[in-house]
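**Student:** The sequence and its predicted three-dimensional model are supplied below.
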Amino acid sequence: MKVVYLTGWNRSGSTVLGNLLGELPRVVHVGELYYLWRNGVLRIGTNTSCGCGETLTDCPLWSRVVDRVGGPDPARAARRIVAEQRRHVRVRHTGARLAEVAGRRPRPAGVTEVARRMIGTYRAVAEETGAEVIVDGSKYPAEAAVLLGDAGLDLRVLHLVRDPRAVAHSFARPKQYLPQMSAARSTGMWTAINVASDRIGRAAPERYLRLRYEDFASSPYEVLGRVLRWADLPGEPPVGPDGRAVLGVNHTVTGNPDRLRRGPTTIRPDLAWRDALPARAAAVATTLAAPVLRRYGYPLRP
């Protein structure tokens, strides 16, 4: 079984990228699977909707997956899974999880339980959909590190990066069920998650690919072709050279509200932030991200 795990910070294009990959034959995009139990079963997260429009517990796919993985008491299983996620796969746990994969420290039983549940959920999704490849947009680098330790999984980690000032501009406005966020907080998270994702790349370079959102938005056909070759995915890029694509129904868990769109869409660069982002917010984002901006090819003065 192959899993393409998307990592990086929010508002960086992972939703549309995942939905496009989900249009490939025998590929399913599951959105942010990390939140299936918190949002879908316990109903304590930002939203309970599947990308198909049903609630997660009423969705034909996820209701069957939860029954198979959650056992006779899904709420009890969900509480245990959420507790283990908090204890072992937050961003700050990435180094510890990588050390376990390298054999430098023993793997706690809770991490083994996290891995068992993740693999079990992937397997249930594959069997219910007939897919051979699962695209997981959870974006927790510590989860990717946990999966690196499973020898039976063909894991690829796709790291998506976007200019932190564009991300700060996106977070400045609430978006349906997603709250707004200050430039300081969004850039702090941007830096922590991207640096942690880089550690995955150093630990397993043969399984890792980093993309910039700006490159993807400017040349989606060429960049998707590169992703398909790297991950050995079937078919041709599901987008034309002009950036036009048609999205069908998906079964994504949580994520950007844009995941609910279907039908014709056009992938194009979004540069509105350069004029719309207030100077103070731009300065805050630039200052906080400065140590790693050049690593990703972004200038100090955009």
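**Tutor:** Nice, thanks for sending it over.

**Student:** in stretch 65-79, what's buried?
**Tutor:** Using 16 or more other CB atoms under 10 Å as the test for burial, stretch 65-79 gives 65-66, 69-70, 74, 77-79. From N, CA and C alone the C-beta is placed, and that goes for glycine too.

**Student:** Cross the residues you listed against helices and list the overlap.
**Tutor:** Residues of those located in helices (DSSP state H): 65-66, 69-70, 74, 77-79.

**Student:** Quick check, pLDDT for residue 47.
**Tutor:** As predicted, residue 47 sits at a pLDDT of 85.

**Student:** Is residue 244 bridged to anything, and to what?
**Tutor:** Residues in a beta bridge with residue 244, per DSSP bridges, are residue 266.

**Student:** Could you pull up the residues touching it?
**Tutor:** Contacts for residue 244 (CB atoms under 8 Å, 6 or more residues apart in numbering) come out as 264-267.

**Student:** same thing but 10 Å
**Tutor:** Going by CB atoms under 10 Å, 6 or more residues apart in numbering, residue 244 touches 220-221, 264-268.

**Student:** and residue 258, that one's in a helix?
**Tutor:** Yes. According to DSSP: H, G, I helix; E, B strand; the rest coil, residue 258 belongs to a helix.

**Student:** Now for it, how many residues are close by?
**Tutor:** Using other CB atoms under 10 Å, residue 258 has 14 neighbouring residues.

**Student:** For residue 232, see how far away it is.
**Tutor:** 27 Å (CB to CB, to the nearest Å).

**Student:** okay, now residue 53: neighbour count?
**Tutor:** Residue 53 has 11 nearby residues by other CB under 10 Å.

**Student:** I should have written residue 45 there, sorry.
**Tutor:** Neighbour number of residue 45 under other CB under 10 Å is 18.

**Student:** before we move on, back to that, columns neighbour count and distance to residue 58 on top of the contacts of residue 244, output as TSV?
**Tutor:** As requested, these are exported to TSV (neighbours: other CB atoms under 10 Å; distance: CB to CB, whole Å):
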residue	neighbour count	distance to residue 58
220	26	33
221	18	36
264	9	28
265	17	26
266	11	32
267	22	31
268	12	35
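
**Student:** Spatially, which two of those are the most separated?
**Tutor:** Across these, the longest distance by CB to CB is 15.8 Å; it joins 221 and 264.
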